[in-house]
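> Next one to model:
(one chain, ligands or ions: 1)
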Amino acid sequence: MQGLVFQIEKIVGKSGIISGDDVAGRPTNWLGLGNREAKAIIRPKTTEELSQVMKLCYEAGQTMVPAGGLSGLVQGTDTDKDDVLISLERMREIEAIDEAGATMIVQAGVPLQSVQERAEQASMSFAVDLGARGSASIGGLIATNAGGNSVIRYGMMREQVLGLEVVLADGTIISSMNSMLKNNAGYDLKQLFIGSEGTLGIVTRAVLRLRPAMVSTNTVLVAVNDFDNIAKLLKNFSSDLGGTLNAFEVMWQNYYSLILDGNKQHKAPLPDDYAYYILIEACGGDQQLDATSFMQVLENAMENELILDAVVASSEEQRNALWAIRDDIITLVMTMLPAAAFDVSLPIVHMEKYIADVTSNMQDKWGDKAKLAVFGHLGDSNIHLAIGTGVENELDHGEVEEVVYQPLANYGGSVSAEHGIGLEKREWLPTSRSTAELDLMRSLKKMMDPKNILNPGKVLG
Ligand SMILES: Cc1cc2nc3c(=O)[nH]c(=O)nc-3n(C[C@H](O)[C@H](O)[C@H](O)COP(=O)(O)OP(=O)(O)OC[C@H]3O[C@@H](n4cnc5c(N)ncnc54)[C@H](O)[C@@H]3O)c2cc1C
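As a prediction, this is how the structure comes out:
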């Protein structure tokens, strides 16, 4: 097999491949931690190079695992000593921006933040944003159909992709670089690859859709005690702001107090004894008008006693401080260790009952020592749960998963709202998908990757 590595090196050059002991020096996650185990790490510079590499791997039956910024949270880029990792880290070019058509053509390895900044320079915006923006690559975001903070307004990654270039398991290049909003000429093939977690093809380039730049941003953190009022507020802010609602992020009291206690750099914007805190943000095209209508909706909500307390961000600094509480995943994880984090979705009407079920399951299993923190993109029916069992030794992942996933089925929920399945949630996929759906997924995989060499074992097993 060393022969294969040698042949690949001839295609990508010395700087395009890492092999031998150097592989272990490469991380396995976005924090730069872990020691990679793989036969080699291949770093192509062009689609054509990647296609030639994949043809060789296909002939040799060599398994391949695609990777971008390693910020995925479900072990989608895990490798073992027999795999080769295909890293898109050298394909980082923003190739073109079309201001009239509001599109950008990028290579798959470009980090999200670079796309956002380039769009801003052209007085436009890119609609996906998430905490790992500095690491997450466009290819990874497409492969996981990532969501983030503005899904309520613009949808997930799927809605931001107009065209795609992909290399199939056997090295065939599918160039489907459509740049038009409308194109119904046959099957929309790109949709097959978006959200397929690198199991059907490797994304090399994309045509992204851009949106108008926002002139105004209005942000408020509100406190609520009654869960029913959250749904009422969501409805009011959605309808009364004329479609400018950008984010509706809810933090349960257990999350809010944990973050404020765990990191003294945050100043408490509101007392920590309310049941729920909601970060509401609207973005629009007119500073004055948008601020007036935002304050009007807020005042109405206060008059109707939907809100008990509120703090409006009056500067960018204050806005950042509010978002920093919502985004402080590092403090969350550090204060709960050993802990496990979950990303589920379910209809808002069932959320309160679902969290009560999880809390009661936790109590039964681990008693008072267990900790739960809940937060998330509630406007998208998506909540994240972090659970610390309070046990001294290693966490039993399977046991915690049961506590979280078992009750979901009763409410028609999904075990993955936005992070995907990877290796981590594979066992639980049948909880959220029917046998007929799983059979069709398996048939597609078999047809497109008959030798099962593309990210094998991920998603379907
Ligand atoms: C702090 C933090 C906050 C986050 N917040 C959110 C959030 O709000 N919403 C959300 O949806 N997600 C969130 N995520 C997770 C999110 O899924 C990833 O950030 C991102 O989508 C993955 O991009 P990546 O380049 O890091 O991909 P990787 O981690 O490198 O890969 C992820 C998956 O995609 C595959 N893949 C990677 N590149 C390609 C390619 N070019 N072609 C085919 N397959 C490929 C991999 O094989 C793997 O299965 C967050 C993560 C972190 C660490």
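
> Quick check: what element follows the helix or strand of the chain with the lowest mean pLDDT along the chain?
Lowest by mean pLDDT, DSSP states H and E among the helices and strands of the chain is helix 329-336, with a mean of 87. On the C-terminal side of helix 329-336, the closest following helix or strand by DSSP states H and E is strand 339-345.

> Pull out the buried residues from the helix or strand just after that following strand.
Downstream of strand 339-345, the next assigned helix or strand under DSSP H and E is helix 348-366. Residues of helix 348-366 classed as buried: 348, 350-352, 354-355, 357-358, 361-362, 366 (neighbour count, 16 or more other CB atoms under 10 Å). Where C-beta positions appear, they are placed from N, C-alpha and C, glycine not excepted.

> Now do the same contact list for Leu438.
429-430, 460 (CB atoms under 8 Å, 6 or more residues apart in numbering).

> where's it relative to the ligand, distance?
Here Leu438 is placed at a distance of 18 Å from the ligand (CB to the nearest ligand atom, to the nearest Å).

> where does that residue land in three-state SS?
The three-state label given to Leu438 by DSSP: H, G, I helix; E, B strand; the rest coil is helix.

> Could you list the contact residues of the stretch 151-300 of the chain toward the ligand?
If contacts are counted using CB under 6 Å from any ligand atom, the residues of the stretch 151-300 of the chain sitting beside the ligand are 197-198, 202-203.

> please redo it, this time with the cut-off set to 8 Å
Within the stretch 151-300 of the chain, the positions near the ligand by CB under 8 Å from any ligand atom are 156-157, 166, 193, 196-199, 201-204.

> any chance of those in TSV, with neighbour count, secondary structure and distance to Leu298 too?
Output for these, formatted as TSV (neighbours: other CB atoms under 10 Å; DSSP: H, G, I helix; E, B strand; the rest coil; distance: CB to CB, whole Å):
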residue	neighbour count	secondary structure	distance to Leu298
Met156	22	coil	28
Met157	26	helix	31
Val166	25	strand	45
Phe193	26	helix	42
Ser196	25	coil	41
Glu197	24	coil	40
Gly198	28	coil	43
Thr199	25	coil	45
Gly201	25	coil	46
Ile202	28	strand	47
Val203	30	strand	41
Thr204	26	strand	46
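
> which SS state does the most centrally placed residue in the chain fall under?
With the centre of the chain defined as its mean C-alpha position, the nearest residue by CA atoms, centre = their mean is Ala146, 3.8 Å away. Applying three-state DSSP to Ala146 yields a three-state assignment of coil.

> what do you get for Ile325?
Under three-state DSSP, the three-state class of Ile325 is helix.

> for it, what are its contacts?
By CB under 8 Å, 6+ apart, Ile325 lies in contact with 251, 256, 259-260, 266, 269, 279.

> quick one, what contacts Val224?
Under the criterion of CB under 8 Å, 6+ apart, the neighbours of Val224 are 230, 233, 274-278, 306-308.

> Which residue ranges of the stretch 351-461 of the chain form helices?
Here the stretch 351-461 of the chain has its helices, by DSSP state H, counting those that start in this stretch, at 397-405, 429-432, 435-448.

> Output the contacts of Leu438 as CSV; include the columns distance to Leu298 and neighbour count.
Compiled in CSV, those are given as follows (distance: CB to CB, whole Å; neighbours: other CB atoms under 10 Å):
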residue, distance to Leu298, neighbour count
Leu429, 41, 18
Pro430, 44, 13
Leu460, 46, 17
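
> what's the closest of the residues you listed to the ligand?
Closest approach between the contacts of Leu438 and the ligand, by CB to the nearest ligand atom: Leu460, at 12.4 Å.

> returning to that earlier point: can you redo the helices of the stretch 351-461 of the chain as a markdown table, where the extra columns are distance to Val84 and mean pLDDT?
As requested, the helices of the stretch 351-461 of the chain are arranged in a markdown table below (distance: least, CB to CB, whole Å; pLDDT from 0 to 100):
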| stretch | distance to Val84 | mean pLDDT |
| --- | --- | --- |
| helix 397-405 | 28 | 94 |
| helix 429-432 | 26 | 94 |
| helix 435-448 | 19 | 98 |
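
> Throw these into TSV and include distance to Ser216, thanks.
As requested, those are exported to TSV (distance: least, CB to CB, whole Å):
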stretch	distance to Ser216
helix 397-405	38
helix 429-432	38
helix 435-448	42
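
> chain center to stretch 188-200: distance?
If you compare the mean C-alpha spot of stretch 188-200 with that of the full chain, they lie 15 Å apart, counting by CA atoms, centre = their mean, to the nearest Å.

> Which residues are in contact with Gln116?
Each residue near Gln116 by CB under 8 Å, 6+ apart is listed here: 125-126, 129, 133.

> By neighbours, which of those wins?
Counting neighbours by other CB atoms under 10 Å, the top entry in the contacts of Gln116 is Phe126, with 24 neighbours.

> Pretty sure that one sits against Arg211.
Yes - between Phe126 and Arg211 there is a contact at 7.3 Å, judged by CB atoms under 8 Å.

> on that earlier part again, between the residues of the stretch 151-300 of the chain next to the ligand, which is closest to Val374?
Distance from Val374 was checked for each of those by CB to CB. The minimum falls on Met156, at 21.3 Å.

> per-residue confidence at that closest one?
As predicted, Met156 sits at a pLDDT of 97.

> One more: Gln2?
Looking at Gln2, its pLDDT is 65.

> residue in the stretch 301-450 of the chain nearest to the ligand?
Among the residues of the stretch 301-450 of the chain, Glu418 lies nearest to the ligand; the distance is 3.4 Å by CB to the nearest ligand atom.

> Skip the chain neighbours and tell me the closest residue to that residue.
Ranked by CB to CB, 6 or more residues apart in numbering and with sequence neighbours excluded, the top spatial neighbour of Glu418 is Gly147, at 3.7 Å.

> Just give me the neighbour total for the one you found.
Residues near Gly147, counting by other CB under 10 Å: 24.

> What of Val23?
The criterion is other CB under 10 Å. On that basis, Val23 has 19 neighbouring residues.

> returning to that earlier point: how far away is the residue nearest to Glu418 from Asp129?
Spatial separation of Gly147 from Asp129 under the definition CB to CB, to the nearest Å is 10 Å.

> same check, this time on Leu444
Going from Leu444 to Asp129 by CB to CB gives 31 Å.

> got it, and Ser238?
19 Å.

> And Arg153, by the same measure?
Taking CB to CB as the criterion, Arg153 is separated from Asp129 by 11 Å.

> which SS state does Leu208 fall under?
Using three-state DSSP, the secondary structure recorded for Leu208 is strand.

> All set now, cheers.
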